[in-house]
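> One predicted model, sequence on top.
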Amino acid sequence: MIQLIDLSHTIEDGMTTYKGLPAPIICDYLSREDSKQFYEAGTEFQIGKIEMVSNTGTYVDCPFHRYEDGDDLSQVELKRFAHLDGIVVHADFKNGIEIGKKYFEGLALKGKAVLINTNWSLHWRTEKYFENHPFLTEEAATYLRDQKVGFVGIDSHNIDDTRTKRRPAHTILLRAGILICEHMCNLGKLPEHFIFNAVPPKMKGVGTFPVRAYAEIPNA
């Protein structure tokens with residue numbers, strides 16, 4: 001038996017994930033009432049319609065998001081998203097928003113999904129969430145790349161410092177083929193080690209898409 005911990009935010013109609021990007025529109029394409037004309041009495045269906053940018057909710061970035069020649073979601077192997085050996089690193093925003101390499105030194109990181117718990121997700125769906133959020137420094141991103149991690153996740157608004165136009169963490173990690181997950185939650189509920197999953201749809205020509213990220217925790 002295993003315990004599952006959901007690490008994803010709920011996507012809702014009108015929800016803003018990133019200022020400047022449109023909120024998702026979630027509605028009926030075919031309502032249950034309208035479906036009655038197509039089926040016998042008592043047999044109704046709903047078909048939903050969703051309009052949204054790919055950077056919505058809790059999502060994964062793959063190399064194509066940053067690089068034209070990078071692998072898109074259809075080209076990244078399934079094993080890169082699923083059943084990963086995970087480790088959580090605690091870097092509470094109250095201790096400073098710059099997450100440097102000191103948080104990762106001395107840890108066995110090769111091949112792991114490294115999830116950074118900043119507790120910034122406490123501000124989700126508030127104005128505070130978008131500004132002065134925790135981020136990974138360029139030095140830390142380089143260190144994670146050199147340690148050959150497989151995946152990096154964070155419960156912050158962006159893995160990079162959005163006060164500038166530079167995006168060194170995205171640039172360094174995605175060039176090395178290291179996947180990124182942003183806007184996570186519940187990372188404070190994780191034990192030190194766990195099995196991690198965050199699988200997006202197999203879509204061609206897309207570099208980012210929402211995931212249902214979760215951790216598997218073996219029961220004692």
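Arrived safely, thanks for sending.
> only C-alpha atoms for contact and neighbour calcs from this point on.
Fine.
> Is the residue most central in space within the chain in a helix, a strand, or coil?
Taking Cα atoms, centre = their mean, the centroid of the chain lies closest to Cys181, which sits 2.9 Å from it. At Cys181 the chain is in strand, as set by DSSP: H, G, I helix; E, B strand; the rest coil.
> In this model Thr56 seems to touch it, though I could be wrong.
No. Cys181 is beyond contact range of Thr56, at 11.5 Å (criterion: Cα atoms under 8 Å).
> and the residue nearest to the centre of the chain, what does it touch?
Contact partners of Cys181, counting by Cα atoms under 8 Å, 6 or more residues apart in numbering, are 58-61, 151-154.
> for Glu44, same thing?
For Glu44, the contact set (Cα under 8 Å, 6+ apart) comprises 32-33, 35-36.
> Reduced to three states, what does it come out as?
The local conformation at Glu44, judged by three-state DSSP, is coil.
> can you tell me which two in the contacts of Cys181 are farthest apart?
Thr58 and Phe151 (14.5 Å; Cα to Cα).
> And these two? Which one has more around it.
Taking other Cα atoms under 10 Å, Thr58 and Phe151 do not tie; Phe151 has more neighbours (29 against 26).
> For the more buried one, list each beta-bridge partner.
Ala113, Leu179 (DSSP bridges).
> on that earlier part again, out of the contacts of Cys181, list just those in strands.
Of the positions in these, 59-61, 151-154 sit in strands, assigned by DSSP state E.
> ChimeraX command for the buried members of those residues?
Only the buried entries of the ones in strands among the contacts of Cys181 go into this ChimeraX selection, using 16 or more other Cα atoms under 10 Å:
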select :59,60,61,151,152,153,154
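> could I get the ones in strands among the contacts of Cys181 as a markdown table with distance to Ile25?
Output for those, formatted as a markdown table (distance: Cα to Cα, whole Å):
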| residue | distance to Ile25 |
| --- | --- |
| Tyr59 | 17 |
| Val60 | 20 |
| Asp61 | 22 |
| Phe151 | 30 |
| Val152 | 29 |
| Gly153 | 26 |
| Ile154 | 25 |
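> what sits against Gly42?
Contact analysis of Gly42 by Cα under 8 Å, 6+ apart lists Lys36.
> what about the helices in this structure?
All helices of the chain, identified by DSSP state H, fall at 32-35, 138-146, 168-175.
> can you pull the buried residues of the longest one?
Of the residues in helix 138-146, those scored as buried under the neighbour-count criterion (16+ other Cα under 10 Å) are 138-145.
> what's the answer for stretch 94-103, then?
Buried-residue list, stretch 94-103, by 16+ other Cα under 10 Å: 97-101.
> ok so, going back, among the ones in strands among the contacts of Cys181, which one lies nearest to Lys79?
Closest approach between the ones in strands among the contacts of Cys181 and Lys79, by Cα to Cα: Phe151, at 11.3 Å.
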